[in-house]
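Student: okay, here's the prediction I keep looking at, along with the sequence it came from:
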Amino acid sequence: MLLSVLACFCPVWPINIVGFVYSIMSRNSLEQGNLDGAVRLGRVAKLLSVVSLVGGTLIIIACIVNLASDRYKRF
């Protein structure tokens, strides 16, 4: 759940929201006693959260590089 919440701060908004929803569904399945469903949904939530974190990090790095290169082009 924590990984999904952290992923929501990344700029890859459709993926991180879906990962957060899957993590909530996984928690609800566990509370209902459906261990197999909770594990399956948890794996999907973890995968989507990691993809969102990696994608968000790449987008942020690309923006920083782009802004830094524009700054040096002006001078």
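Tutor: Cool, got the structure.
Student: on contacts alone, who are the packing partners of the longest helix seen in the chain?
Tutor: Ranked by residue count and defined by DSSP state H, the top helix of the chain is helix 35-74. With contacts defined as 3 or more Cβ pairs under 8 Å, 6 or more residues apart in numbering; DSSP states H and E, helix 35-74 has these neighbours: helix 2-7, helix 13-31. (C-beta placed from N, C-alpha, C; glycine too.)
Student: other SSEs contacting the first one?
Tutor: It stands for helix 2-7. Using 3+ Cβ pairs under 8 Å, 6+ apart: helix 2-7 touches helix 13-31, helix 35-74.
Student: hang on, isn't residue 30 packed against residue 45?
Tutor: No. Using Cβ atoms under 8 Å as the test, residue 30 is too far from residue 45 to be in contact (11.9 Å).
Student: where among the helices and strands packed on helix 35-74 is the average confidence lowest?
Tutor: Comparing mean pLDDT across the helices and strands packed on helix 35-74, the weakest is helix 2-7, with a mean of 77.
Student: roughly how far is that helix from the heart of the chain?
Tutor: 7 Å (Cα atoms, centre = their mean, to the nearest Å).
Student: the residue lying closest to residue 18 once chain neighbours are set aside - how many residues pack around it?
Tutor: Of all residues not flanking residue 18 in the chain, residue 48 sits nearest, at 5.7 Å (Cβ to Cβ, 6 or more residues apart in numbering). Other residues near residue 48 number 24, with proximity taken as other Cβ atoms under 10 Å.
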